[in-house]
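Peer 1: coords below, sequence missing:
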């Protein structure tokens, strides 16, 4: 019995994780999975968006659509993968994972481009929701450099710096 190595591309740091690996069930296709740590993004987003609106959570949801559009522009089809994939193992509590995408008939070079696009798109989407003046540095950032960048834009005492909560007026 012989086993073939499955190709895998990863972009992981303490803030988020994006993984693309060859599908076991569909030769020539790949599974795109993404997740992020809501607590790690809190120093960046806390108090910057409306009630019940989390820019990191929304950014991860938007990433699926952005990846699909990016792939489509290259003539690559994506679909809902309907395959459970756990990115949270070892990360602890507070990780949110979006459902996986199936990327069909893509080259390894296209998969690498999708991975690089995904990391930048996710972070810039979150930043766009919270700040008007912060953009990612130009060029490719490896996962460690991206983590340092995200740590640099976070506010250490973010809970104290957030705007006050909306107070319901008291009846006279």
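Peer 2: Okay, I see it. Remember, predicted model here, so these are calculated numbers, not experimental data.
Peer 1: Scan the chain for its longest helix.
Peer 2: In the chain, assigned by DSSP state H, the helix with the most residues is helix 108-130.
Peer 1: what distance separates it from the middle of the whole chain?
Peer 2: Distance of helix 108-130 from the chain centroid (Cα atoms, centre = their mean, to the nearest Å) equals 8 Å.
Peer 1: Could you list the residues in contact with that helix?
Peer 2: The contact list for helix 108-130 (Cβ atoms under 8 Å, 6 or more residues apart in numbering) reads 7, 9, 11, 16, 18, 20, 30, 32, 34, 36, 41, 44-45, 48-49, 55-56, 58-60, 62-63, 66-67, 70-71, 74, 76, 103, 106, 134-136, 140-141, 143, 146, 149-150, 153. Just so you know, the C-beta spots here come from the backbone N, C-alpha and C atoms, and that holds for glycine as well.
Peer 1: Now intersect the residues you listed with the helices, please.
Peer 2: The helices in this structure, assigned by DSSP H, contain 41, 44-45, 55-56, 58-60, 62-63, 66-67, 70-71, 143, 146, 149-150, 153 from those.
Peer 1: Any quick PyMOL command for the buried ones out of those residues?
Peer 2: Restricted to buried positions by 16 or more other Cβ atoms under 10 Å, the PyMOL selection for the ones in helices among the contacts of helix 108-130 reads:
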select buried, resi 41+44+45+55+56+59+60+62+63+66+67+70+71+143+146+149+150
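Peer 1: Show me the contact partners of the worst-scoring helix or strand of the chain on mean pLDDT.
Peer 2: Ranked by mean pLDDT, DSSP states H and E, the weakest helix or strand in the chain is helix 158-161, scoring a mean of 72. Outside of helix 158-161, the residues within contact range by Cβ under 8 Å, 6+ apart are 42, 43, 44, 46, 47, 155.
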